[in-house]
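*Asks:* what's the 3D shape of this:
(one chain, ligands or ions: 1)
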Amino acid sequence: MIQVEHINKIFKVARRSAGFLEAMKALFHKEQEVIHALSDISFSIGDGEMVGYIGPNGAGKSSTIKILSGILTPDDGTCIIDGRVPWRERKEHVKNIGVVFGQRTQLWWDVPIIDSYELLRDIYDIPKTYYHETLSELTELLSLEELLRTPARQLSLGQRMRCEIAASLLHNPKILFLDEPTIGLDAVSKLAVRDFIRRQNQRHNTTVLLTTHDMQDMEALADRVLLIGKGRLLLDGTLDELKSHRPKKDAALDEIIAALYRDFEI
Ligand SMILES: Nc1ncnc2c1ncn2[C@@H]1O[C@H](COP(=O)(O)OP(=O)(O)OP(=O)(O)O)[C@@H](O)[C@H]1O
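*Replies:* Numbers count the residues shown, from 1 in each chain. Next comes the predicted model:
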C-alpha cells in the first residue's frame with residue numbers, strides 16, 4: 001500500500017543572464033529561482049494496482065518517483081509505503097521496491113550484465129537458489145541469454161532496458177516504479193516489455209507505478225491514471241474516465257491528453 005499525503009518539494013536553482021557583465025555580477029549576488037516541483041500531492045495506491053502517472057515535461061513525475069523510492073526527501077508531507085517512510089528507512093524500503101529510470105542505468109557500465117546481477121544479488125542479499133531460479137525465468141521471458149556476457153555500454157538501448165527491467169526484479173519486489181521504461185525502444189521491445197510488466201503484475205500481484213509519454217504504454221498497462229501538471233495533481237481516475245474528456249469524436253488518446261494539457265493550462 002502506497003499512501004502519499006500533502007507532499008511538497010521545491011528546488012532552488014541559480015539563474016543569471018548571458019554575458020560577461022552578468023557573470024561578474026553573479027560573483028557578488030547570486031539570483032535564485034524557486035521551482036515548485038511538487039505542490040500538495042496526495043494519492044494512495046493499493047496492492048496489485050497498475051497506475052499510470054502522466055503529465056507534460058517538467059510536471060513533477062520523476063521527482064515523485066524519486067521521493068517514493070527514497071532517493072529524494074520532500075520538504076513536507078508524508079509518504080508511507082508498506083509501513084515505511086522511504087527516505088528514513090531506505091535500506092529496508094529498497095528491498096521491497098524495484099526501480100527503473102529509463103534515462104539512467106543501475107547497471108555497472110563496464111562489466112558484463114551477469115556481473116552486475118551478481119553484485120545486486122549481494123547488495124539485496126538474495127538467497128542463491130532463489131536468485132538462480134529468478135534469473136533463469138527472467139532470462140527466458142526477456143530474451144537475455146545473448147546479452148548476459150556483454151558489458152552494459154556495448155548494448156543497444158532496447159537491449160539495455162530489458163536488462164534494466166530484469167535487474168529491478170531480481171529480488172522479487174512487491175512494488176515496481178518505472179520511469180519511462182519504454183523510452184527509445186523499438187516496437188518489438190516495447191511490446192515485450194509491456195507484456196512482461198503485465199504478466200509480472202498478474203503472477204505476483206506486483207504494484208506498478210509507471211510514468212510515460214507513450215500513450216500506448218498507458219493503454220496497455222494502466223488501470224488507473226494520475227495526471228500531474230506544474231507540480232499539482234489534476235486528475236485521478238480510470239483510463240475510461242480520462243477518455244471521456246474526448247475533444248472530438250474518434251480522438252486518439254494522444255489528442256485527448258493534449259486537449260487535457262491545454263484545458264488545464266499545463
Ligand atoms: N535536481 C533538481 N534541481 C533543480 N530543479 C529540478 C531538479 N529536479 C527537477 N527539477 C525541476 O523540477 C520540476 C519537475 O521535474 P521532474 O523531473 O520531476 O519532471 P517530469 O515530470 O519527470 O518531467 P519529464 O517528463 O520531462 O521527465 C522541473 O521544473 C525541473 O526542472
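
*Asks:* for this protein, which segments count as strands?
*Replies:* Secondary structure of the chain, counting by DSSP state E: strands at 2-15, 31-45, 50-54, 76-81, 97-101, 175-179, 207-211, 224-229, 232-238.

*Asks:* show me what the third one is packed up against.
*Replies:* It stands for strand 50-54. Strand 50-54 sits against helix 61-69, helix 187-204, strand 207-211, helix 215-221, strand 224-229, with contacts defined as 3 or more C-beta pairs under 8 Å, 6 or more residues apart in numbering; DSSP states H and E. Just so you know, the C-beta spots here come from the backbone N, C-alpha and C atoms, and that holds for glycine as well.

*Asks:* select from these the stretch with the lowest mean pLDDT.
*Replies:* Least confident of those, judged by mean pLDDT, is helix 187-204 with a mean of 88.

*Asks:* buried stuff in that one?
*Replies:* Residues of helix 187-204 classed as buried by neighbour count (16 or more other C-beta atoms under 10 Å): Ser189, Lys190, Ala192, Val193, Arg194, Phe196, Ile197, Gln200, Asn201.

*Asks:* between strand 97-101 and it, find me the angle.
*Replies:* Here helix 187-204 points in a direction 170 degrees away from that of strand 97-101 (axes from the mean of the first three to the mean of the last three C-alpha atoms, to 10 degrees).

*Asks:* now do helix 187-204: which elements does it pack against?
*Replies:* If contacts are counted by 3+ C-beta pairs under 8 Å, 6+ apart, helix 187-204 sits against strand 50-54, helix 157-169, strand 175-179, strand 207-211, helix 215-221.

*Asks:* now with 7 Å?
*Replies:* helix 157-169, helix 215-221 (3 or more C-beta pairs under 7 Å, 6 or more residues apart in numbering; DSSP states H and E).

*Asks:* and among these, the most buried is which?
*Replies:* helix 157-169 (a mean of 22; mean count of other C-beta atoms under 10 Å).

*Asks:* right, is stretch 19-33 up against the ligand?
*Replies:* No - contact of stretch 19-33 with the ligand (C-beta under 6 Å from any ligand atom) is absent, the minimum separation being 9.1 Å.

*Asks:* ok, residues contacting that stretch?
*Replies:* Lys12, Val13, Ala14, Arg15, Arg16 (C-beta atoms under 7 Å, 6 or more residues apart in numbering).

*Asks:* straight-line length of that stretch, end to end?
*Replies:* End-to-end distance of stretch 19-33: 19 Å, with C-alpha to C-alpha, to the nearest Å as the criterion.

*Asks:* sorry, back to before: and of the buried residues of helix 187-204, the nearest to Gly48?
*Replies:* Nearest to Gly48 among the buried residues of helix 187-204: Asn201, at 6.8 Å, using C-beta to C-beta.

*Asks:* who touches that closest one in this structure?
*Replies:* Gly48, Met50, Val208.

*Asks:* same thing but 6 Å
*Replies:* Contacts for Asn201 (C-beta atoms under 6 Å, 6 or more residues apart in numbering) come out as Met50, Val208.

*Asks:* same question, His245
*Replies:* Counted by C-beta under 6 Å, 6+ apart, His245 has contacts Ile256, Leu260.

*Asks:* mind putting the helices and strands packed on strand 50-54 into TSV with distance to the ligand?
*Replies:* As requested, these are exported to TSV (distance: least, C-beta to the nearest ligand atom, whole Å):
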stretch	distance to the ligand
helix 61-69	3
helix 187-204	18
strand 207-211	6
helix 215-221	13
strand 224-229	7
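
*Asks:* thinking again about what came up before, now, among the contacts of stretch 19-33, which is nearest to Ile35?
*Replies:* Val13 (6.3 Å).

*Asks:* so what's that closest one closest to, chain neighbours aside?
*Replies:* Once flanking residues are discounted, Val13 sits nearest to Glu33: 5.3 Å by C-beta to C-beta, 6 or more residues apart in numbering.

*Asks:* before I go, just wanted to say thanks for your time.
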